[in-house]
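K.L.:
Sequence unavailable; structure follows:
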């Protein structure tokens, strides 16, 4: 599952606002704000919805047993 730092990195790389990510993932902006701040433990479904929205924009989440965790972006969409 994507983690908070990966979410922040992916959103920053894609130059998405919290509202844009909320619209794409169908997760509220308030929830995204809380997740990014580390204020809440996310529901698995919520994180999956966000992850799928970011993956649709070319983000690949790297999970290597906690070592080398990060993101790769296949393409940066023109905005």
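P.N.:
Happy to help now that I have it. Just so it is clear, the structure is predicted and the values come from calculations on it, not from any experiment.

K.L.:
surely residue 63 meets residue 51?
P.N.:
No. No contact is recorded between residue 63 and residue 51 when judged using CB atoms under 8 Å, the distance being 10.8 Å. Using the backbone N, CA and C atoms, a C-beta is placed for each residue, glycine as well.

K.L.:
More neighbours: which of these two?
P.N.:
Neighbours of residue 63 and residue 51, each counted by other CB atoms under 10 Å, are more numerous for residue 51; the result is 18 against 13.

K.L.:
how close does the more buried one get to residue 73?
P.N.:
Look at residue 51 and residue 73: by CB to CB, to the nearest Å, they are 14 Å apart.

K.L.:
what's the host helix or strand of residue 36 packed up against?
P.N.:
Under the criterion of DSSP states H and E, residue 36 resides in helix 29-37. Counting contacts by 3 or more CB pairs under 8 Å, 6 or more residues apart in numbering; DSSP states H and E, helix 29-37 is packed against helix 4-14, helix 18-25, helix 44-55.

K.L.:
Among the ones you listed, which comes closest to residue 36?
P.N.:
The stretch from the helices and strands packed on helix 29-37 with the least distance to residue 36 (CB to CB) is helix 4-14; that distance is 5.6 Å.

K.L.:
for the closest one, which positions count as buried?
P.N.:
If you call a residue buried by 16 or more other CB atoms under 10 Å, then helix 4-14 has these buried ones: 6-7, 9-11, 13-14.

K.L.:
Below-threshold pLDDT in this structure: ranges please.
P.N.:
Applying pLDDT under 70 to the chain picks out residues 66-68, 75-79.
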